[in-house]
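Asks: build me a model:
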Amino acid sequence: MTELAAVLWDMDGTLVDSEPYWIECEQRLVEEHGGTWSDDQAKDLIGSDLFVSAEVLRAAGVDMEPVDLVNRLMDGVIERVQAELPWRPGARELLAECKAAGIRCALVTMSWRRFAQAILIACPDGSFELTITGDEVAHGKPHPEPYEAAARGLGVDVRACVAIEDSRTGVASALAAGCATLGIPHVVQLDPAQNLTIRDTLVGVTVDDLRALVV
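Replies: Numbers count the residues shown, from 1 in each chain. I've put the predicted structure just below:
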């Protein structure tokens with residue numbers, strides 16, 4: 001069995017329950033510009049690069065430049081996170097166990113750095129050795145670059161890493177990079193795939209469970 005080198009965590013919907021905040025802010029922004037926004041449209045964007053989301057929102061009627069649109073969304077989500085940060089069940093406990101066991105962790109998110117910082121300050125010091133954000137990669141999820149960049153930044157073999165994801169887009173990115181992947185579906189369901197283990201929740205998941213995923 002290959003030794004577990006690192007755990008690579010997605011953020012929105014995996015570590016924290018921020019997806020409903022993104023959906024709410026998307027809905028409000030589209031409505032402000034006289035458009036309509038469906039649940040299916042919102043679900044299709046979960047886990048996507050924010051510039052991809054911006055182009056879809058512009059097509060739905062939001063008349064803003066992409067960077068301005070993304071920053072407007074982030075402002076709304078940051079405001080909600082600062083008022084209440086809902087953690088996903090079992091996430092804090094598993095993160096703490098990883099730290100206690102000396103398992104290296106990185107955060108791999110398509111959110112931009114300034115939003116990720118709002119989450120990181122709520123995490124115990126030293127939880128993450130490295131953070132890869134959507135504004136720091138050339139290709140966002142589902143491209144493998146974010147997870148490849150995390151493994152490279154840690155100096156480890158990506159095939160010896162476990163990625164934890166909640167979205168189809170994120171799972172596709174992690175699997176394409178070569179990570180063993182633990183899928184915790186939240187807003188959208190995940191389809192079975194090779195090298196993907198699906199659990200309903202992180203509650204009860206241990207470091208030993210993560211080690212067993214790396215073969």
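
Asks: look up the closest residue to the residue lying farthest from the centre of the chain, ignoring the ones flanking it.
Replies: Ranked by distance from the centre of the chain (Cα atoms, centre = their mean), the top residue is residue 34, with 29.6 Å. In space, not counting the residues next to it along the chain, residue 34 is nearest to residue 61; the distance is 5.8 Å by Cβ to Cβ, 6 or more residues apart in numbering. C-betas here are computed from N, CA, C, even on glycine.

Asks: quick one: neighbours of that neighbour, just the number.
Replies: Other residues lying near residue 61 total 15 when counted by other Cβ atoms under 10 Å.

Asks: how about stretch 87-101 as CSV, C-alpha atoms only?
Replies: As requested, C-alpha coordinates have been extracted for stretch 87-101 and formatted as CSV (Å, rounded to 0.1, in the frame of the first residue of the first chain):
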residue,chain,number,x,y,z
TRP,A,87,-19.1,23.8,8.6
ARG,A,88,-19.9,20.6,6.7
PRO,A,89,-20.7,17.7,9.1
GLY,A,90,-17.5,15.9,10.2
ALA,A,91,-15.1,18.3,8.3
ARG,A,92,-13.6,20.1,11.4
GLU,A,93,-13.2,16.8,13.1
LEU,A,94,-11.4,15.1,10.2
LEU,A,95,-9.2,18.2,9.6
ALA,A,96,-8.2,18.2,13.3
GLU,A,97,-7.4,14.5,13.1
CYS,A,98,-5.2,15.0,10.1
LYS,A,99,-3.3,17.8,11.9
ALA,A,100,-2.9,15.6,15.0
ALA,A,101,-1.6,12.7,12.9
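
Asks: return the distance of it from the chain's centre.
Replies: Computed by Cα atoms, centre = their mean, to the nearest Å, the chain-centroid distance of stretch 87-101 equals 16 Å.

Asks: circling back: surely the residue farthest from the centre of the chain meets residue 62?
Replies: No - taking Cβ atoms under 8 Å as the definition, residue 34 is not a contact partner of residue 62, at 9.4 Å.

Asks: re earlier: make sure I have this right: the residue farthest from the centre of the chain is in a strand.
Replies: No - when classified by DSSP: H, G, I helix; E, B strand; the rest coil, residue 34 is found to be coil rather than part of a strand.

Asks: how much space separates the residue most central in space within the chain from residue 110?
Replies: Relative to the mean C-alpha position of the chain, the nearest C-alpha, by Cα atoms, centre = their mean, is the one of residue 10, at 3.0 Å. Distance, residue 10 to residue 110, by Cβ to Cβ, to the nearest Å: 9 Å.

Asks: between these two, which contacts overlap?
Replies: 47, 170 (Cβ atoms under 8 Å, 6 or more residues apart in numbering).

Asks: re earlier: for residue 67, see how far away the residue nearest to the centre of the chain is.
Replies: Note on residue 10: its distance to residue 67, by Cβ to Cβ, is 23 Å.

Asks: what of residue 134?
Replies: For residue 134, the distance to residue 67 (Cβ to Cβ) stands at 12 Å.
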